[in-house]
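Student: Predicted structure and sequence below. I'll ask about it afterward.
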Amino acid sequence: MNPLTILRRLPARLTLFAGAALLALAVAAPLTALAAPKADAKCDPKDIKCVIAFGDQRIQDRLDALTKLNGKVTDALSAKHITSDQANTLTSDIATNTTGLQNLKAKLDGESDIAAARGDVKNIYLQFRIYAVVLPRDYHELWLDRLADADHRLAGVKDKIADAIAKAPAGEQAQLNSLFDDYKTQLAAAEAQMDAAQGELPRFTPENFNTNRQSFETARTNLKNDLKTAHKDLKQAAGDLHQIAQILKGNKSDGSGSGSPTATAANS
């Protein structure tokens, strides 16, 4: 089989990296509104209806944000950028927090004591931490899952790449193998970063946020840096693959089977 034909059969979803970059921007949005505003800031000290209405709106805001996240997970699954197991992990967490908030709303709506109502409102923040913990954690996990999918696709065609290079003109072997070696190096580096990121996720809990903020902040910084680095490594691997394909394409287009690798790579 012609080596260019082999390369043409490789996955073409390199636009995944643009999507992952947009997803990376999305995880910053939920980091706002970390502090819990006092329910009585806008309510009369004895106005329990006001306190309940305030809490109901805060709960609804969080339910809406969770619904939006659930849609992102569904879209990623439909596009086959994550597996059903990965999607189930995220949707299960979303469902758990959704049910918890709904139960809290029911409790709040049934309160007749204003102190108890204020306690319920306080728990929106202290118990659930949707904006501070859940959304950043789950969006980062979704990003990690998408990067893992890209890595799986790229790593899964190593044998086909090797076969294509073996069938290329002898004069191109050194450059192609150099690119292929870097391709494999970048994938290995990305996988190490993704393993490190996976190890940080268990530290993203409301309890850790409330009682061990330094540990939480360290985990958040490490997770973000690990994913950014893995993203960069996978993008470099995709660039290597593109250059390999361009060199082989140049060989075929000049009709001689020995096109200039330097010129071809420069035009990639």
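Tutor: Thanks, I have the structure now. Numbering: from 1, shown residues only.
Student: Could you check how far Val133 is from Gln127?
Tutor: 11 Å (CB to CB, to the nearest Å). (C-beta placed from N, C-alpha, C; glycine too.)
Student: Looking at those two, which one has more neighbours?
Tutor: Per other CB atoms under 10 Å, whichever of Val133 and Gln127 has more neighbours is Val133, with 22 against 15.
Student: check contacts around the more buried one.
Tutor: 204-206, 209, 216 (CB atoms under 8 Å, 6 or more residues apart in numbering).
Student: separation between Ala95 and Tyr139?
Tutor: 16 Å.
Student: the more surrounded of these two?
Tutor: Tyr139 (21 against 13).
Student: tell me the contacts of the residue nearest to Asn70 when sequence neighbours are not counted?
Tutor: In space, and not counting its chain neighbours, Asn70 is closest to Ile94: 5.0 Å by CB to CB, 6 or more residues apart in numbering. Residues in contact with Ile94, defined by CB under 8 Å, 6+ apart, are 66, 69-70, 73, 138.
Student: who wins for most neighbours among those residues?
Tutor: Asp138 (26 neighbours).
Student: residues touching it, list them.
Tutor: Contacts of Asp138 by CB under 8 Å, 6+ apart are 69, 90, 93-94.
Student: so what's the residue in the chain sticking out farthest from the centre up against?
Tutor: With distances taken as CA atoms, centre = their mean, the residue sitting farthest from the centre of the chain turns out to be Lys46, at 45.0 Å. Contact analysis of Lys46 by CB under 8 Å, 6+ apart lists Ile114.
Student: Any stretches of the chain with poor pLDDT?
Tutor: 1-41, 251-268 (pLDDT under 70).
Student: Show me the longest helix that occurs in it.
Tutor: Counting by DSSP state H, the longest helix found in the chain is helix 213-253.
Student: Let me know the closest of the contacts of Asp138 to Leu101.
Tutor: Ile94 (10.7 Å; CB to CB).
Student: Using the three-state scheme, assign the closest one.
Tutor: Following DSSP: H, G, I helix; E, B strand; the rest coil, the label given to Ile94 is helix.
Student: I'd like to know how far it sits from Leu147.
Tutor: Ile94 is 20 Å from Leu147, by CB to CB.
Student: could you redo the contacts of Ile94 as JSON lines and give each row distance to Ala230?
Tutor: JSON lines is the format used below for the contacts of Ile94 (distance: CB to CB, whole Å):
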{"residue": "Leu66", "distance to Ala230": "26"}
{"residue": "Leu69", "distance to Ala230": "21"}
{"residue": "Asn70", "distance to Ala230": "24"}
{"residue": "Val73", "distance to Ala230": "20"}
{"residue": "Asp138", "distance to Ala230": "18"}
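Student: Count the residues that sit near the closest residue in space to Lys42 that isn't next to it in sequence.
Tutor: Nearest non-adjacent residue to Lys42, counting by CB to CB, 6+ apart: Phe54, 6.6 Å away. For Phe54, the neighbour count with other CB under 10 Å is 23.
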